[in-house]
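S.K.: What follows is a predicted protein model with its sequence.
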Amino acid sequence: MSSETALAAGQRARGLAPFLRSQMRNIAPFLTLIFLSGFFALASPSFATLDNLGNILTQVSVTGIIAVGLTFVILCAEIDLSVASIANVTGIAVAYFTLQESYVNIPNIPLPGAAAFLLAILLCAALGLVNALGLTVIGIPSFIMTLAMMQIAAGISALLVRGQIAYKVPDMITTLGSGSIGGIPWIVIVAAIMLLGGHLVLTYTRFGRYVYMVGGNREAAEYSGLNVKLILGSVMVISAVCSGIGGMLGVAHFGSAQQNEFDTYLLDSIAAVVVGGTSLFGGRGGIGNTIVGLFVLGVLNNGLDHVNIDSFLKILIRGLILLAALIINVYAQRLREKAAE
Amino acid sequence: MREDRSPILELQGITKSFGGVEALRGVDFALSPGEIHGLVGENGAGKSTLMKIIAGVHTEFSGRFLIDGQETHFRSARDAHAAGIAMVHQELSVAPDLTVAENVFLGNQPTNALGLVQWRRMAREAGEQLARFGIDVDPMSRLGDLPIGLQQLIEIARVLFSGARIVILDEPTSALSPPEVERLFATLRRLREQGTAIVFISHFIEDILRVSDTVTVFRNGRKVAETASAATSKGALIEAMIGRGGEALEHSYSDDLMLPRPADGSVILKVDQLSLARSLKDVSFEARAGEVLGIYGFMGCGQQELSRILFGKLKPDGGTLAVEGRARTFASTAAARRAGVALVPESRRAMLFHQEPVYKNISISILDRISSLLLKPTQERDIAQRQVEQLQIRPPVVGLDLGMLSGGNQQKVALAKWLTYPPKLLVLCEPTRGMDVGAKNDVINIIRDLRAKGLAIIVLSTEPETVLSLADRILVLKRGAVVREFKNEPVSKDRLLEAA
Ligand SMILES: Nc1ncnc2c1ncn2[C@@H]1O[C@H](COP(=O)(O)OP(=O)(O)OP(=O)(O)O)[C@@H](O)[C@H]1O
Ligand SMILES: [Mg+2]
């Protein structure tokens, strides 16, 4: 093995600059995070506190849960634009199957909590399956397929609540969404567990390897005898189920279930994945990147509140940061290809 | 040899290392106008690396680089292009999603006064250029839809007619069949008359001797010989390449070769009346255990489509396919693999992951055999290490990204993927393309071992030598139909060419 170590050393000894260049996609988001944190810490005394860290964690939890599944999809070089809609409809569905207060005017079907939960999960899985079939069997590009699904899920939401607002979800979900244990919100714990789970699946399982390989070179995956359609279909279902869980906990967290409640989460979850450095061309990145991306977004959103900035300007700033991240993402891919030459 | 002209390109003491590995050590190289300069050497000897330095792809190296006697340093391929240097890379570097015409004019499309692309003019001129080179293709078709050999021809045509003064061809003939090779050589000779300097890399030493004026031999990153082609021989070149006697290493297959009696192993594959649109017509044959079936034909004869059907990548329009007596219609390549079929396509890019390490490339198609849920990286590396040693892949480091291997070594990795758990039917398209003489022999021996283990093997190739060196029985495919079967009878290169 001495030749191996010598070569590995050689690869490293190639110089710091090329190494950094090839690691650009991991380093840039991290530097962004440090820069933003430093900036807000200096700009506002209330930012760098333990309390506020808790706030940030809670604020990114729902996005984090949705982003787990989306990471799988983007690693495969596909996209899921229906995540927020599916989150919304799943949150509404679980409320729809729960007994509401008498003043809520929705003709719903109250069931025991476990049944409500199960039906909601089945619903989001089914919607994910429709995405999967559209993508793999019919061959509709995921961008278009999930755009349609975005509308379909919104349509189901509308039919279920009919412009009303429901408030109650099963107790277990209420606890997970808005309760806390030992001072730590449950929703943060759930997000952490799901992110960890996603990471373990991607890093240590056969399926995870397939996801990276399909994203890296789909044709080669097919010529290696992988069932590419099955893998692509699976990631669409995983994405929908993660969105569904995020939606249920989100509804519990906000204390209400209504139309268009999750609209901002589409952009946020895609941004978290991409800002973190997962390649839009597939095959590179992972949950670690997504976590950094979540923090960048969380710090940015939270920090802008602390520095007392025009709230309309906030939107523009977020957009600009996202654009910068996209530029880095595409640029990093090019640098890597160059380094591999 | 044209000593009278001073060199347009002169390299002195070029050294290039990738990390700790020295790919080139103190190489001198000169090129004169009106010269065809052949370059030979084993896989990984450094041929492509030197050419990429000339073409401005690799910009970090030490040594002197002179053009027209002027010391120069290219900062990019664009600089090299501006200096009149054009290169056909070993790995196809076409843009598959663009049209043929766009590929021909890549980077300098004709535009009108408003800066808009003149499509009609571009298509017409591209068509004319390609026709001059004997290529008959719709200039507006998508390049990626064409067979790989045709893509390569188009790429060559683009470079040859780009007006460059220095043209570099890195294994241009690997995907071409004999008539196209002839056309290429004729064009090269014509360009030589016009004063173009040409570098020609190939593992076909006979081609090198036939077309080039000077031959340079590389071994292990060093230039070990440079002679006039007329003053050397195939044996001498091979000996210089590998450092030992090479007489026995390569046959020329011009004499008759006796095919053995057909094997009596069990029928592994039975194909009946297979047809596919305009590509295949009523193709029927059997492949038996312990037999290598060669399928020979010119480019576009339907080989590619046939191999894809066997591996479940294409669905035939008609006909049946049975593996070990069971009729099959493969819904996916995964189904074909489970049924015991394996395919190595002719294009490396199509089956390898360039940004992943060698061991992941080797283990990908057997992961389900070694792990159920969790990956077993140590075992993966061990398996890969064994394959790397068996196939003598250089460098023997399974953790290296695949993209860092030389072309021939990548080809070996593509084969290694299927060897740990040998399939029942192994379909190989151009299995020795891009391999040096020694590696070719290694692969031939490996394939014979597999045959001895009772695999049914199908070798599809547009090179008569490949089929003749491996096959026990040969089918000739012409315009999608089987036109001739050679078995238990004498066969030679000429007889094959005649049948095709
Ligand atoms: N980008 C790279 N990174 C690291 N090593 C490389 C890179 N490119 C080439 N090498 C190494 O440099 C050496 C020479 O490779 P090169 O591609 O020049 O060989 P070659 O003579 O063209 O071989 P072949 O006949 O197989 O194409 C090999 O050991 C190869 O592994
Ligand atoms: Mg090469």
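M.R.: Received, thanks. Here the structure is a predicted model, which is why all the values come from computation and not from measurement. Ligands and ions are numbered 1, 2, ... in the order given.
S.K.: who in chain B is up against ligand 1?
M.R.: Proximity of chain B to ligand 1 (Cβ under 6 Å from any ligand atom) is limited to residues B:18, B:21, B:23, B:41, B:43-49, B:90, B:394-395, B:404-409, B:436. Bear in mind the C-beta positions are built from the backbone N, C-alpha and C, glycine included.
S.K.: of these, list those near ligand 2.
M.R.: B:48, B:90, B:407 (Cβ under 5 Å from the ion).
S.K.: so the second one makes contact with residue B:171?
M.R.: This means residue B:90. Yes. Assessed by Cβ atoms under 8 Å, residue B:90 is found in contact with residue B:171 at 5.0 Å.
S.K.: ok, the closest residue to chain A within chain B - how many residues close by?
M.R.: Of all residues in chain B, residue B:20 sits closest to chain A, with a separation of 2.4 Å (Cβ to the nearest Cβ). Residue B:20 is flanked by 16 other residues according to other Cβ atoms under 10 Å in any protein chain shown.
S.K.: cool, residue B:225 as well?
M.R.: By the measure other Cβ under 10 Å, the count of residues near residue B:225 is 16.
S.K.: coming back round to it: narrow the residues of chain B next to ligand 1 to those in helices?
M.R.: B:47-49, B:407-409 (DSSP state H).
S.K.: would you list those residues in TSV and tack on pLDDT?
M.R.: Formatted as TSV, these follow (pLDDT from 0 to 100):
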residue	pLDDT
B:47	94
B:48	93
B:49	94
B:407	84
B:408	84
B:409	90
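S.K.: Which one of those is nearest to ligand 2?
M.R.: When those are ranked by distance to ligand 2 (Cβ to the ion), residue B:48 comes first, at 3.1 Å.
S.K.: Quick one: residues contacting that closest one.
M.R.: By Cβ atoms under 8 Å, 6 or more residues apart in numbering or on different chains, residue B:48 lies in contact with B:89-90, B:170, B:201, B:406-407.
S.K.: Are any of the residues you listed buried, and if so which?
M.R.: Buried by 16 or more other Cβ atoms under 10 Å in any protein chain shown: B:89-90, B:170, B:201, B:406-407, out of the contacts of residue B:48.
S.K.: can you redo the residues you listed as JSON lines with distance to residue B:352?
M.R.: Shown next, in JSON lines, are those (distance: Cβ to Cβ, whole Å):
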{"residue": "B:89", "distance to residue B:352": "16"}
{"residue": "B:90", "distance to residue B:352": "14"}
{"residue": "B:170", "distance to residue B:352": "18"}
{"residue": "B:201", "distance to residue B:352": "21"}
{"residue": "B:406", "distance to residue B:352": "13"}
{"residue": "B:407", "distance to residue B:352": "11"}
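S.K.: Show me what residue of the stretch 51-200 of chain A gets nearest to chain B.
M.R.: residue A:200 (9.4 Å).
S.K.: For that residue, give me the pLDDT.
M.R.: Residue A:200 carries a pLDDT value of 97.
S.K.: my guess is residue B:353 contacts residue A:216, does it?
M.R.: Yes. Residue B:353 is within contact range of residue A:216, at 4.9 Å (criterion: Cβ under 8 Å).
S.K.: first to last residue in stretch A:306-314, what's the distance?
M.R.: Using Cα to Cα, to the nearest Å, one end of stretch A:306-314 lies 12 Å from the other.
S.K.: in it, what counts as buried?
M.R.: Neighbour counts using 16+ other Cβ under 10 Å place residue A:306 of stretch A:306-314 among the buried residues.
S.K.: One more: stretch B:273-292?
M.R.: Using 16+ other Cβ under 10 Å as the burial criterion, the residues of stretch B:273-292 that qualify are B:274-276, B:279-281, B:283, B:285-292.
S.K.: check contacts around residue B:133.
M.R.: B:153, B:156-157, B:160-161, B:183, B:187.
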